[in-house]
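J.: Show me how the following folds:
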Amino acid sequence: MQFVGSESDSNSLITVISSCPQSVALLVGQSIHCHIIKVVVDEDVSVMNSLVGMYGRCGNLDLAQRIFYRMHRDTVTWNSLISAYTHSGHSSEALSLFDQMLLEDVEPNSATLVSAHSACSNQAALNHGKWIHNYVTEIGMEFDVSLATALVYMYAKCGPLEISREIFNAMPKRDVISVFGYGIHGNVRDALEIFQQMENSGMKPNEVPHAGLIVEGTNMFGRMIDYSITPTLKHYACMVDLLGRSGNPHKAEAMISTMPIAPDGGVWGALLSACSIHDEVEMGERIAKPALETDPENDGHYILISNMYSSVGRWEEAERVRRMMKRRGVRKRAGWSAIEVGEEVHVFMVGDRSHPLSVEMYEMLEALSRQMEELGYAIESGFGVCHVE
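T.: Purely as a prediction, here's the structure:
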C-alpha cells in the first residue's frame, strides 16, 4: 500500500497492528507508530487503543502506559492496559487501574471484569474478587459465559470451591470448563465428576486435565484420541508427573521414549522431580543430562539434582552441580507467597524483612517452631540447601 502510494486509513492501521505476530510485533509496531505520528492519526482512539494493546502484548508496559495517559480514553483503552498488566503478571497494578477506572466514572464491560477477575485469581485476592462480583450484581450486568467462567475460576483458585460450584451449576450455558481449581485443591473426584458431566452434555473438551489419580488420569489421556486431540508437550509432562509421583518413574521414562515429539524441559523436569521424590538417584543422573540440555536456564533442575546428591551423602557431586549453576550464570529465583488481609494483599519473598511487622512475624515463626519441637516434630535434614548468589 505504501509502495504504490495509497494512503492508509485507521482501519488498515488497526488491522496491521492487530495481525502482527508477537515475534516481530514490537519492531513492526514501532514503525507503524512512527507512521501514525507522521500522518497525524494519533488522535484516533481506535488506532491508539490498538497500539496500547500491541505494546502490552509485547511486554513493553512503560510505552503502553505512556500512550494510555496521553490519549483520550474509552472503555477499550482501559481494557487494553488492564489486560496487559494481568497477562504480564502485574496483577496488583491491573487491579489498581481497574479501581482508578471506576473512580473516573468509566463504565466497565464484560471484558474489563474478566481481566479484573483474572488479576484477582493470579494474586489470590479473594476479597477484591468478591467486591467485583458484588459490583457486577449491583449494576445489573448480565453474567455471560466468559464472565461467569472467570468467576468460577477466581473462586476455585482463591479457595471457596463451594461458591465456584454454585456459580457453575447456575450457568444456563457453559463452554469448555476448566476443572483446574478442583485439581489444585486435591478434590480429584469433583474434578472428574465435572468432566463426566461435560462429556454427558455432548460438549467436546479442548484439553484433557490431569486430575491426580493414576488409573483415571491414564484413561483420560488415552481418550484424547476419541476427541481428535493430539497430545502436546504439556499433556505428556502431566502424564510423566502422574506416573512419576505415583511411584512409577520407570513407566514414566518408558512413556518419554515412545513420545512422537521431542520432550522439552518440562517433561524431563517432571521425571527428574519424581526421581528426587523416590530416591532414584541412578535414574536421576541419567535424566539430568537431557533436562539441563533442553532447559539450561531452569534453576529448579540444578537444585533438584544437587539436593538428590545431598540426600545420599554425595556432597562432592552436589557441590559440582552448584558450581556449574553459578558458572553458567543461573540464579536461584526467590520463592514468594501472598496473603490477603482485609483489602490488602501482602507479598513476601524468601528472607524478606521489609514488612513493617516483620519482627512480630518472625517472633511468631520462632514460637511455632518451638511448639513443633516440643510436640516431637523435627526439620527434615536429608537435603542440602542450595544457595547460589
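J.: Not counting its neighbours along the chain, what's nearest residue 168?
T.: Excluding the flanking residues, the one nearest residue 168 by C-beta to C-beta, 6 or more residues apart in numbering is residue 152, at 5.0 Å. All C-beta atoms are positioned from the backbone trio N, CA, C, and that covers glycine.
J.: Would you confirm that that neighbour belongs to a strand?
T.: No. Looking at residue 152 with DSSP: H, G, I helix; E, B strand; the rest coil, it is helix, so not inside a strand.
J.: Next one: it from residue 50, what distance?
T.: Distance, residue 152 to residue 50, by C-beta to C-beta, to the nearest Å: 30 Å.
J.: again with residue 92
T.: Plainly put, residue 92 is 26 Å away from residue 50 if you go by C-beta to C-beta.
J.: now do residue 163
T.: From residue 163 over to residue 50 (counting by C-beta to C-beta), the distance is 37 Å.
J.: picking that back up, what's the spacing between the residue nearest to residue 168 and residue 346?
T.: Taken as C-beta to C-beta, the span from residue 152 to residue 346 is 26 Å.
J.: ok, now residue 235?
T.: Distance, residue 235 to residue 346, using C-beta to C-beta: 36 Å.
J.: out of these two, which sits in the busier spot?
T.: In this view residue 235 and residue 346 are compared by other C-beta atoms under 10 Å, and residue 235 has more residues nearby, 19 against 13.
J.: Which strands or helices does the helix or strand where the more buried one lies pack on?
T.: Element membership for residue 235, per DSSP states H and E: helix 233-245. Judged by 3 or more C-beta pairs under 8 Å, 6 or more residues apart in numbering; DSSP states H and E, helix 233-245 is in contact with helix 214-222, helix 249-257, helix 265-277.
J.: Phi, psi for the residue lying closest to residue 158 once chain neighbours are set aside please.
T.: Once flanking residues are discounted, residue 158 sits nearest to residue 126: 4.1 Å by C-beta to C-beta, 6+ apart. Backbone geometry at residue 126, expressed as degrees, to the nearest 10, gives phi -60, psi -50.
J.: ok, residue 126 - contacts?
T.: 120, 155, 158-160, 340 (C-beta atoms under 8 Å, 6 or more residues apart in numbering).
J.: quick one on the thing from earlier: check which residues of the helix holding residue 235 are buried.
T.: Buried residues in helix 233-245, counting neighbours by 16 or more other C-beta atoms under 10 Å, are found at 235-245.
J.: before we move on, what about stretch 84-102?
T.: Quick answer for stretch 84-102 (16+ other C-beta under 10 Å): 84-88, 90-95, 97-98, 101.
J.: From these, which land in strands?
T.: If you go by DSSP state E, these have nothing in strands.
J.: now these as TSV including distance to residue 44 and pLDDT?
T.: Formatted as TSV, the buried residues of stretch 84-102 follow (distance: C-beta to C-beta, whole Å; pLDDT from 0 to 100):
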residue	distance to residue 44	pLDDT
84	20	92
85	24	93
86	25	92
87	25	88
88	25	86
90	27	89
91	30	90
92	31	88
93	26	92
94	25	94
95	29	93
97	22	95
98	25	95
101	21	95
